[in-house]
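> sequence first, predicted model second:
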Amino acid sequence: MSELVRDAAGVLARLDALRAADPPTHGGHVLSYVYDSGLAALDELAAAAIRAVQPVNGLDPTTFGSVAVLEAELVGFVRELLHGDEEVVGSVTTGGTESCLLAVKTAREVWRAAHPHGVPRLVAPSTVHAAFQKAAAYFGLDLDLVPVGSDGAVAAADVVARLGDDVALVVLSAPNYPFAALDPVGAVASACAAHGIPLHVDACIGGLVLPFWTDAAGAPLPDWDFRVPGVTSVSADLHKFGYAPKGASVLLQRGRDRQRHQFFATTRWPGYPVVNPTILGSKSAGPLAAAWAITQALGVDGFAALATSCARSTARLREAIDGIEGLRVVGEPVGPLLAVAADERVPADRRVDPHHWADAVRAHGFVLQLQPALAQPGGAALPATTHLTITPVTESVLAPLTAALVAGADAVRGTPHVDGAALLAQLPPLGPVAAALDADALDADTAWALLQGFGIGGGAELPDAQAPLVALIETLPAPLAERLLVELLGRLVEPRPAR
Ligand SMILES: *Cc1c(COP(=O)(O)O)cnc(C)c1O
């Protein structure tokens, strides 16, 4: 039967060709999405670990005992790093989003047990990761977003002012993704504890690096993990600064009784008894095994050394950006990420628009991430920014990266931010009326026509310059922008005949 497997070499050659067209996932040229330790041996180890568990089903650790051991040891490693005591238990999930979803799901079940009627509320700064918007939408909570300052920092008192009997969960970030602000965990936690309200700390990005971080003056950070008594759960992604392949995160919860609400179990069907600690049923053990192998090989000292490399690079890049006329780093970032905005203190013709900058830096071989400006209801306007995530590999490209940041700024200094409204007015045929369209009433074909009118999606290739795209997102009403993005992603994977 082996002849059934046709041309494996050709299949893999096609896969290689497709991969070759992707942005480089190694080498420090993409400053978001990928977290490169810079250690080839670590990637080899992770690959071998995935291979070793390739056929295993993570669904059932009672059948595949290896999965239970790997998960218990991995959760134990992260618990120790985040100062959890023996009351803290946890699960490995497939990623930050799943960890965040489960933190919210748990809190909803706990709240419902005490409040049979009503709709629970989720309170968080507006900078909280979008995964919590998703969680509120999936699990039926009212999302109550607290405006942050224009520096991306939230005031503890503004969060505390929102506490009430209907609040099922407060979420803070360590740090938040858009601006890298470390939220005021201590002050909010004591208020939450006094009200009996659980507090989740989303350390998806910071969880494996902040334990080794200091503030700008070299002093320890304020406590943000399980050392803070009111913190009831923490999420930390292994596929970010745990350097694991995608598909691994940890959700830690304080208290077994609390954590059991995370699970789903049923014996009420004619098949096998179902007990799922996380959202998936059958699941790969690959990312779990890879993440476990990495923690075994690196140990705490290895993670500390890699975090220190990130800290050195972050400081150097911050200095470099501070030295570029027309740009400024937003707020007081804590951790290996930076948000960069136009410096409003210099005259307009000396300012550098962060989105044109990102496009120009891309032409110099480094991919940065554009973040749209956001109007917070009842709060300050948040500036358009460009995001950089710094990883250990960054240290090996600091000189060319810094040169690209400088050259990119020089190329676009004085060019104003794209005027989204003016852009819309020029676009055929629906552009001028786009903002008035009802997103709910838009069918797939009209949405697609609109996108094509914007010059997006003709040949399924996204345009090189992203500044105009983000300007459209900033300008269109959010429901319409969201509907168009759904259309774009849906069309990207329209079924095609296999080649
Ligand atoms: C990345 C991230 C998430 C979501 O994680 P995914 O792994 O992308 O699903 C949640 N919170 C923060 C702060 C993050 O940085």
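Okay, I see it. Small disclaimer: the values here were computed from a predicted structure and weren't measured. Residues are numbered from 1 along each chain as shown.

> now Ile279: which helix or strand?
For Ile279, there is no host helix or strand (DSSP states H and E).

> run through the residues of this protein sitting next to the ligand.
Selection of the chain residues close to the ligand by CB under 6 Å from any ligand atom yields 95-97, 100, 129, 131, 173, 177, 202, 204-205, 237, 249. Where you see a C-beta, it was placed from the backbone N, CA and C, and this is true even at glycine.

> which ones among these map onto helices?
96-97, 100, 131 (DSSP state H).

> give me the buried positions along stretch 33-46.
Residues of stretch 33-46 classed as buried: 34-39, 42-43, 45-46 (neighbour count, 16 or more other CB atoms under 10 Å).

> now, the most widely separated pair of the residues you listed?
Between any two of these, the greatest separation by CB to CB is 17.5 Å, found for Val34 and Leu45.

> tell me where the stretch 351-499 of the chain has strands.
With DSSP state E, counting those that start in this stretch, the ranges of strands along the stretch 351-499 of the chain come out as 369-371, 374-375, 381-382, 385-389.

> ranking these by burial, who's on top?
Of all those, strand 385-389 has the most neighbours on average by mean count of other CB atoms under 10 Å, namely a mean of 26.

> can you name the residues in contact with that one?
31-32, 35, 177-179, 205, 317, 330, 336-341, 354-355, 357-358, 368-371 (CB atoms under 8 Å, 6 or more residues apart in numbering).

> can you tell me, leaving aside adjacent residues, what's nearest to the residue in the chain that the ligand sits nearest to?
Here the chain gets closest to the ligand at one residue, Gly96, 2.1 Å apart by CB to the nearest ligand atom. In space, and not counting its chain neighbours, Gly96 is closest to Cys204: 3.6 Å by CB to CB, 6 or more residues apart in numbering.

> got the contact list for the one you found?
Cys204 is in contact with 96, 99-100, 129, 131, 177, 235-237, 240, 249, counting by CB under 8 Å, 6+ apart.

> and the residues you listed, which are buried?
Here, 16+ other CB under 10 Å leaves 96, 99-100, 129, 131, 177, 235-237, 240, 249 buried among these.

> reformat the residues you listed as a markdown table; add pLDDT.
Shown next, in a markdown table, are the buried ones among the contacts of Cys204 (pLDDT from 0 to 100):
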| residue | pLDDT |
| --- | --- |
| Gly96 | 98 |
| Ser99 | 98 |
| Cys100 | 98 |
| His129 | 98 |
| Ala131 | 98 |
| Tyr177 | 98 |
| Ser235 | 98 |
| Ala236 | 98 |
| Asp237 | 98 |
| Lys240 | 98 |
| Ser249 | 98 |
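
> rebuild those as a markdown table, extending it with distance to Ala465.
Listed next are the buried ones among the contacts of Cys204 as a markdown table, based on distance: CB to CB, whole Å:
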| residue | distance to Ala465 |
| --- | --- |
| Gly96 | 29 |
| Ser99 | 35 |
| Cys100 | 32 |
| His129 | 27 |
| Ala131 | 29 |
| Tyr177 | 24 |
| Ser235 | 35 |
| Ala236 | 36 |
| Asp237 | 31 |
| Lys240 | 28 |
| Ser249 | 33 |
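
> is Val171 located within a strand, as I assumed?
Yes. Membership of Val171 in a strand is supported by DSSP: H, G, I helix; E, B strand; the rest coil.

> and Cys192, how many neighbours?
Counted with other CB atoms under 10 Å, the neighbours of Cys192 add up to 27.

> that one in helix, strand or coil?
Three-state call for Cys192 (three-state DSSP): helix.

> Three-state assignment for Ala124, please.
strand.

> got a list of what it touches?
By CB under 8 Å, 6+ apart, Ala124 lies in contact with 132, 143-146, 159, 170-172.

> 7 Å instead?
Counting by CB atoms under 7 Å, 6 or more residues apart in numbering, Ala124 touches 132, 145-146, 170-171.

> please enumerate the helices of the stretch 201-350 of the chain.
For the stretch 201-350 of the chain, the helices defined by DSSP state H, counting those that start in this stretch cover 256-260, 286-322.

> just put the ones you listed in a markdown table and tack on mean neighbour count and mean pLDDT.
Supplementary listing: the helices of the stretch 201-350 of the chain in a markdown table, determined by neighbours: other CB atoms under 10 Å; pLDDT from 0 to 100:
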| stretch | mean neighbour count | mean pLDDT |
| --- | --- | --- |
| helix 256-260 | 15 | 98 |
| helix 286-322 | 19 | 98 |
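
> now tabulate these in JSON lines and tack on distance to Gly414.
What follows is those, written out as JSON lines (distance: least, CB to CB, whole Å):
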{"stretch": "helix 256-260", "distance to Gly414": "55"}
{"stretch": "helix 286-322", "distance to Gly414": "18"}
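
> my read: Arg350 touches Ile324, true?
No. Counting by CB atoms under 7 Å, Arg350 stays clear of Ile324, with 10.7 Å between them.

> quick one: which of the contacts of Ala124 has the most company?
Taking other CB under 10 Å as the neighbour criterion, Val170 ranks highest of the contacts of Ala124 with 31 neighbours.

> for that one, list each beta-bridge partner.
Beta bridges link Val170 to Val123, Leu199 when assigned by DSSP bridges.

> how close does it sit to Thr232?
Per CB to CB, to the nearest Å, Val170 is found 9 Å from Thr232.

> returning to what we had before: ok, Arg350 and Ile324, which is more surrounded?
Neighbour totals were compared for Arg350 and Ile324, and Ile324 leads with 19 against 13 (other CB under 10 Å).

> pLDDT score for the nearest residue to that one once chain neighbours are set aside?
Spatial nearest neighbour of Ile324, excluding adjacent residues (CB to CB, 6+ apart): Ala409 at 4.7 Å. Listed pLDDT for Ala409 reads 98.

> who are the contact partners of Ala409?
Residues in contact with Ala409 (CB under 7 Å, 6+ apart) are 324, 326-327, 352, 357.

> just the buried ones out of these, please.
Buried subset of these (neighbour count, 16+ other CB under 10 Å): 324, 326-327, 352, 357.

> columns pLDDT and distance to Thr391 on top of those, output as a markdown table?
As requested, the buried ones among the contacts of Ala409 are exported to a markdown table (pLDDT from 0 to 100; distance: CB to CB, whole Å):
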| residue | pLDDT | distance to Thr391 |
| --- | --- | --- |
| Ile324 | 98 | 21 |
| Gly326 | 98 | 26 |
| Leu327 | 98 | 21 |
| Val352 | 98 | 24 |
| Trp357 | 98 | 20 |
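
> all set now, cheers.
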